[in-house]
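[1] Turn this into a structure:
(4 chains)
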2 protein chains.
Amino acid sequence: MKVLIVEDDPLHRSYLNEAVRAALPECDGVIEAENGIAGERIAREYKSAHIVMDLQMSTRNGIEAARTIWKERPETRILFWSNYSDEAYVRGVSRIVPDGAAFGYVLKSASDDRLKLALRSIFIEAQCVIDREVRGMQQKSLGHTNGFSDSEYEILVDIALGLTDRTIARRRNLSLRSVQNRLQHLYEKLDVHHPSAKHDGPEHEEERFNLRSRAVTVAFLRKLLNYSALERAEAELGEWLRDR
Amino acid sequence: MKVLIVEDDPLHRSYLNEAVRAALPECDGVIEAENGIAGERIAREYKSAHIVMDLQMSTRNGIEAARTIWKERPETRILFWSNYSDEAYVRGVSRIVPDGAAFGYVLKSASDDRLKLALRSIFIEAQCVIDREVRGMQQKSLGHTNGFSDSEYEILVDIALGLTDRTIARRRNLSLRSVQNRLQHLYEKLDVHHPSAKHDGPEHEEERFNLRSRAVTVAFLRKLLNYSALERAEAELGEWLRDR
DNA sequence: TTCCATGTTGCGGGATCCCGCACATTTTTG
DNA sequence: CAAAAATGTGCGGGATCCCGCAACATGGAA
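    The predicted structure is shown next:
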């Protein structure tokens, strides 16, 4: 068995290397890649079936790399090893994992033992292992209370990209009013109504926030969005624009 | 001489510890803190004058920590050791460094030698050391071509926070029109005009972007903004709102 | 001093956005 | 199955936003 490590940081890379060797005596070779592009290439060359992947890498992030790898070989087992459990990452990962594929999501802050256990579970037992904290995030994002449905998330991404209502309507095949409707729901869930508005008088004073922009900001602050998610969304938008 | 290391990641922390001991034989004690809060506390307790600080930390980021430390003891020498050279970080740092203070900015991707050299230059020679790449960013953000003036950056942050034109006007003591004027300049610099608009017919077709939101997005993608900058701006906004 | 660059402010209007009111369709729930 | 809760759509209007046109102020450069 060979294991491919895709990780930006040299320190983390060598740490992973050691952890893999210690946890998997049956492993007879560890290959390293220092960014997503190289990871994809090497995975293709060596037909790697066991990969440990960092999520945030400068030249090409782990989600993109994993997606292309899984597209070519859906049975590949990938363990994501990340610093963060942002909802944006969790959503990004669960969106691309193929049916029945074995994968894992472990935080870098996890203990040595947790990492090694995860390595064995996924690569030997073909069993999914998801960090407690990450699992919590996943649950929350599905539960209806305080959680965002896919359609709400979708429109959040669209306004984050800076699309107009009309463009969103065309892109998502909706009427203009429906788009605005979804926006209402989004604003409600993000709690970005006009905050300190006193409804005493009829005057329309103190509207402090531009709801559209504000929504994006609080989504960022709540880690529903992050740079990586924006980057991916921007790329998808680019494709759609090319297709008119 | 004692050195305080403020760094999230255990691996990086121990690497730094070793580097400091190797580069500074005259150092007779290395203290470690694993987040910004602890860093501030320990710096206060030990009156640390020599600090190596990570910028992105989960509980409290390095810029905040450095600011409070420098507020109490402006002669403290701080070496920032960061993964990124985002303009947002560079601006954030240069905004808080006191007059005449010795500081440094080295990327984590720098070589061992560069790091050790920087440690000696700052802590022994009291000389500022700024990574080549970071310096480039700094220059660019000052140069008028392709660079953003302070006022433009200011309004960028304001719309990123989701403020309305009127609120921005009150906050920055400007007229409404001036705010909109600055926005025009910002849109121009970020190149977010209505892109594929055909001016042939009088019809107003194909306005794909909401300029306000779009501007924030491209600023993010160009790393003029990042999570840390948003977080700081949000905190400042909170203060201002409390003061009415 | 005169001229020109830069920045601020007013006015006005077309395009969007935000959203209440209504109604139809779909899905969920009891 | 029927009630209830989502969800999609149209209409309309008040508030904002985007921005051209134009008048001033300020501060150097010719």
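
[2] residue boundaries of the helices in chain A?
    Ranges of helices within chain A are A:10-23, A:36-46, A:62-72, A:87-96, A:112-123, A:132-142, A:150-161, A:165-172, A:176-190, A:211-221, A:227-242, based on DSSP state H.

[3] Minimum distance to DNA strand D: which of those helices has it?
    DNA strand D lies closest to helix A:176-190 among the helices of chain A, at 3.3 Å (Cβ to the nearest atom of the strand). Where you see a C-beta, it was placed from the backbone N, CA and C, and this is true even at glycine.

[4] what sits against the closest residue to A:D86 other than its chain neighbours?
    Distances taken as Cβ to Cβ, 6 or more residues apart in numbering or on different chains place A:K223 nearest to A:D86, at 4.0 Å, with adjacent residues excluded. Going by Cβ atoms under 8 Å, 6 or more residues apart in numbering or on different chains, A:K223 touches A:84, A:86-88.

[5] Same check on A:V30?
    A:2-5, A:17, A:20-21.

[6] try A:I78
    A:51-53, A:66, A:69-70, A:101, A:103-104.

[7] Please tell me how far it sits from A:S109.
    Using Cβ to Cβ, to the nearest Å, A:I78 is found at 20 Å from A:S109.

[8] quick one on the thing from earlier: turn the contacts of A:I78 into a markdown table, including pLDDT and distance to DNA strand C.
    Converted to a markdown table, the contacts of A:I78 look like this (pLDDT from 0 to 100; distance: Cβ to the nearest atom of the strand, whole Å):
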| residue | pLDDT | distance to DNA strand C |
| --- | --- | --- |
| A:I51 | 97 | 35 |
| A:V52 | 97 | 37 |
| A:M53 | 97 | 34 |
| A:A66 | 96 | 30 |
| A:I69 | 96 | 33 |
| A:W70 | 95 | 28 |
| A:A101 | 90 | 26 |
| A:F103 | 94 | 27 |
| A:G104 | 94 | 30 |
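
[9] sorry, back to before: show me which of the contacts of A:K223 neighbour DNA strand C.
    By Cβ under 7 Å from any atom of the strand, no member of the contacts of A:K223 lies near DNA strand C.

[10] Check those residues and tell me the two furthest apart.
    A:Y84 and A:E87 (9.8 Å; Cβ to Cβ).

[11] Counting neighbours around each, name which of the two comes out higher.
    A:E87 (23 against 20; other Cβ atoms under 10 Å in any protein chain shown).

[12] That one contacts A:M137, correct?
    Yes - between A:E87 and A:M137 a contact is recorded at 5.5 Å, counting by Cβ atoms under 8 Å.

[13] hey, what's the residue lying closest to A:S48 once chain neighbours are set aside bridged with?
    Among residues not flanking A:S48 along the chain, A:L4 sits closest, at 4.1 Å (Cβ to Cβ, 6+ apart). Taking DSSP bridges as the rule, A:L4 bridges to A:I31, A:I51.

[14] what's the spacing between A:L4 and DNA strand C?
    A:L4 sits 40 Å away from DNA strand C, going by Cβ to the nearest atom of the strand, to the nearest Å.

[15] ok, now A:H12?
    Applying Cβ to the nearest atom of the strand, the value for A:H12 to DNA strand C is 41 Å.

[16] Likewise for A:G36?
    A:G36 is 34 Å from DNA strand C, by Cβ to the nearest atom of the strand.

[17] need the contact list for A:L163.
    The contact partners of A:L163, taken as Cβ under 8 Å, 6+ apart, are A:171, A:237, B:208-210, B:213.

[18] Now for the residue nearest to A:S48: which residues touch it?
    Shown in contact with A:L4 (Cβ under 8 Å, 6+ apart): A:30-33, A:39, A:42-43, A:46, A:48, A:50-52.

[19] Closest one of these to DNA strand C?
    The nearest member of the contacts of A:L4 to DNA strand C, counting by Cβ to the nearest atom of the strand, is A:I51 at 35.3 Å.

[20] ok, that closest one - how many residues close by?
    A:I51 has 28 nearby residues by other Cβ under 10 Å.

[21] List, one by one, the residues from chain A near DNA strand C.
    By Cβ under 7 Å from any atom of the strand, the residues of chain A that approach DNA strand C are A:164-166, A:177, A:180, A:183-184, A:187, A:193-194, A:210-212.

[22] Which of the residues you listed ranks first by neighbour count?
    A:N210 leads the residues of chain A next to DNA strand C on contacts (other Cβ under 10 Å) with 23 neighbours.

[23] And for the closest residue in space to A:V6 that isn't next to it in sequence, the neighbour number?
    Distance criterion Cβ to Cβ, 6+ apart; nearest residue to A:V6, sequence neighbours excluded, is A:G39 at 3.5 Å. The criterion is other Cβ under 10 Å. On that basis, A:G39 has 29 neighbouring residues.

[24] can I see the domain layout of chain A?
    If you go by automatic domain parsing, the domain ranges for chain A are A:3-142, A:150-242.

[25] Perfect, that will be all.
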